[in-house]
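task: produce atomic coordinates for the following.
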Amino acid sequence: MKVFKFGGASIKNAQAIKNVASILKSHSNDQLLVVISAMGKTTNALEGIVSLAFERKDFSNELEDIRSYHYLALANLLLNELIKKSIDEVIENIAIEATKDGEYDQIYDQVVSQGEVLSTILLSHFLQSEGLSIEWVDARKFISTDQTHREGKVNWEKTKVAFQ
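Residues are numbered from 1 along each chain as shown. Below is the predicted model:
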């Protein structure tokens, strides 16, 4: 198995996502595990939303900027408009998580991790549209960590069991 990790700059826009697809196509005969970061500056934007939420300030414009950024990539990749529903669900989840009561680090983890969810939705749909046989897997269902927010340590025993 080959493991590929693509950072935010590697998937910052539609052209970058097409480049990732080209790389993955060149390895289509191999079994691959692909790990994706959030697109471009999405993590920074989500961090800003967490800060605004904790200051009890409006972050709706910032949230709409994230939505628009992902919609633009979706349009430039010529993906089906139905994918907008998935993006909208993640955006709604961000708004909910950002306004929950809790410790800053816990809220931070819940909000900022949604950037990877957004990017993997787009990339997985694009790869499928390009004819690659892929399976989107939510890593949160397999990797267990302790409750040390922002610095969680992997619970290897639980993680191993989840992968079996």
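
was I right about Lys12 contacting Thr42?
No: in terms of Cβ atoms under 8 Å, Lys12 does not count as a neighbour of Thr42; the distance is 9.1 Å. Where C-beta positions appear, they are placed from N, C-alpha and C, glycine not excepted.

which one's more surrounded, these two?
Taking other Cβ atoms under 10 Å, Lys12 and Thr42 do not tie; Thr42 has more neighbours (23 against 19).

what sits against the residue lying closest to the more buried one once chain neighbours are set aside?
If the residues on either side of it in the chain are set aside, Thr42 comes closest to Gly115, at 4.1 Å by Cβ to Cβ, 6 or more residues apart in numbering. Counting by Cβ atoms under 8 Å, 6 or more residues apart in numbering, Gly115 makes contact with 37-39, 42-43, 46.

which SS class is Gly115?
helix (DSSP: H, G, I helix; E, B strand; the rest coil).

sorry, back to before: ranking the contacts of Gly115 by neighbours, who comes first?
Highest count within these by other Cβ under 10 Å belongs to Met39, 27 neighbours.

show me what contacts that one?
Here Met39 is in contact with 8, 11-13, 69-70, 73, 115, 118-119, 122 (Cβ under 8 Å, 6+ apart).

format the residues you listed as TSV; extra columns: pLDDT and secondary structure.
Shown next, in TSV, are the contacts of Met39 (pLDDT from 0 to 100; DSSP: H, G, I helix; E, B strand; the rest coil):
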residue	pLDDT	secondary structure
Gly8	95	helix
Ile11	96	helix
Lys12	97	coil
Asn13	97	coil
Tyr69	97	helix
His70	97	helix
Ala73	96	helix
Gly115	97	helix
Leu118	97	helix
Ser119	97	helix
Leu122	95	helix
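
export those residues to a markdown table and tack on distance to Lys2?
Converted to a markdown table, the contacts of Met39 look like this (distance: Cβ to Cβ, whole Å):
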| residue | distance to Lys2 |
| --- | --- |
| Gly8 | 21 |
| Ile11 | 18 |
| Lys12 | 23 |
| Asn13 | 25 |
| Tyr69 | 29 |
| His70 | 27 |
| Ala73 | 25 |
| Gly115 | 24 |
| Leu118 | 25 |
| Ser119 | 20 |
| Leu122 | 22 |
